[in-house]
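Asks: Below is the sequence, then the predicted model.
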Amino acid sequence: MPNSELANMLSSIIHEELKPIQEDLQSVKGELQVVKEELQTVNDRLDNLDQGQLDLKQGQISLEKGQRKLDKDVTLIRKELKESWKDISDFDDRITTLEKMFIL
């Protein structure tokens, strides 16, 4: 048997032996592609969640600023209301004094 025949026969045998390995490799590549696509989907969803968390944090910061402003406004309104009631009380006292002066 000449060397070229032997080489061809060995090449053919090796080729046949490698077929199942190549098929398995193709199958693994296909499964890997599916996993890669699913991982990309998960990453996209995580990015959306991250953006949503940032949006919520910004909203929370805005609400906290608004709450502080409302607290200041409530404090100011209470102070002004207290001053108004004092003015009303003072005015009532003056009226009472005038009434007493006219009655006497």
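Replies: Nice, I can see it.
Asks: Where does pLDDT dip in the protein?
Replies: Applying pLDDT under 70 to the chain picks out residues 1, 104.
Asks: Can you show me the helices along it?
Replies: 3-103 (DSSP state H).
Asks: Pick out the residue nearest the middle of it.
Replies: Among the residues of the chain, Gln53 comes closest to the average C-alpha position under Cα atoms, centre = their mean, at 1.0 Å.
Asks: ok, now which ones touch it?
Replies: Shown in contact with Gln53 (Cβ atoms under 8 Å, 6 or more residues apart in numbering): no residues. Any C-beta I mention is one placed from the backbone N, CA and C, and that applies to glycine too.
Asks: tally of neighbours for Glu64?
Replies: 10 (other Cβ atoms under 10 Å).
Asks: If you could redo that for Gln26, that was the one I meant.
Replies: By other Cβ under 10 Å, 10 other residues sit near Gln26.
Asks: same thing with Asp90?
Replies: If you count neighbours by other Cβ under 10 Å, Asp90 ends up with 10.
Asks: still on that earlier bit, so how far is Gln60 from the residue nearest to the centre of the chain?
Replies: 10 Å (Cβ to Cβ, to the nearest Å).
Asks: next one: Lys69
Replies: In terms of Cβ to Cβ, Lys69 sits 15 Å off from Gln60.
Asks: Could you do Pro2 as well?
Replies: Pro2 sits 83 Å away from Gln60, going by Cβ to Cβ.
Asks: If you count surrounding residues, which of those two has more?
Replies: Gln60 (10 against 7).
Asks: Now do the contacts for the more buried one.
Replies: Gln60 touches nothing, counting by Cβ under 8 Å, 6+ apart.
Asks: how distant is stretch 59-77 from the center of its chain?
Replies: Stretch 59-77 sits 23 Å away from the centroid of its parent chain (Cα atoms, centre = their mean, to the nearest Å).
Asks: Alpha carbons of it, in PDB - could you do that?
Replies: The C-alpha trace of stretch 59-77 is given here as PDB (Å, rounded to 0.1, in the frame of the first residue of the first chain):
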ATOM      1  CA  GLY A  59     -38.200  61.700  41.900                       C
ATOM      2  CA  GLN A  60     -37.500  61.000  45.600                       C
ATOM      3  CA  ILE A  61     -35.000  63.900  45.700                       C
ATOM      4  CA  SER A  62     -37.600  66.200  44.200                       C
ATOM      5  CA  LEU A  63     -40.300  65.100  46.700                       C
ATOM      6  CA  GLU A  64     -37.900  65.600  49.600                       C
ATOM      7  CA  LYS A  65     -37.100  69.100  48.300                       C
ATOM      8  CA  GLY A  66     -40.800  69.800  48.000                       C
ATOM      9  CA  GLN A  67     -41.500  68.400  51.500                       C
ATOM     10  CA  ARG A  68     -38.800  70.700  53.000                       C
ATOM     11  CA  LYS A  69     -40.400  73.700  51.200                       C
ATOM     12  CA  LEU A  70     -43.800  72.700  52.400                       C
ATOM     13  CA  ASP A  71     -42.500  72.400  56.000                       C
ATOM     14  CA  LYS A  72     -41.000  75.900  55.700                       C
ATOM     15  CA  ASP A  73     -44.300  77.200  54.300                       C
ATOM     16  CA  VAL A  74     -46.300  75.600  57.100                       C
ATOM     17  CA  THR A  75     -44.000  77.100  59.700                       C
ATOM     18  CA  LEU A  76     -44.300  80.500  58.100                       C
ATOM     19  CA  ILE A  77     -48.100  80.200  57.900                       C
END
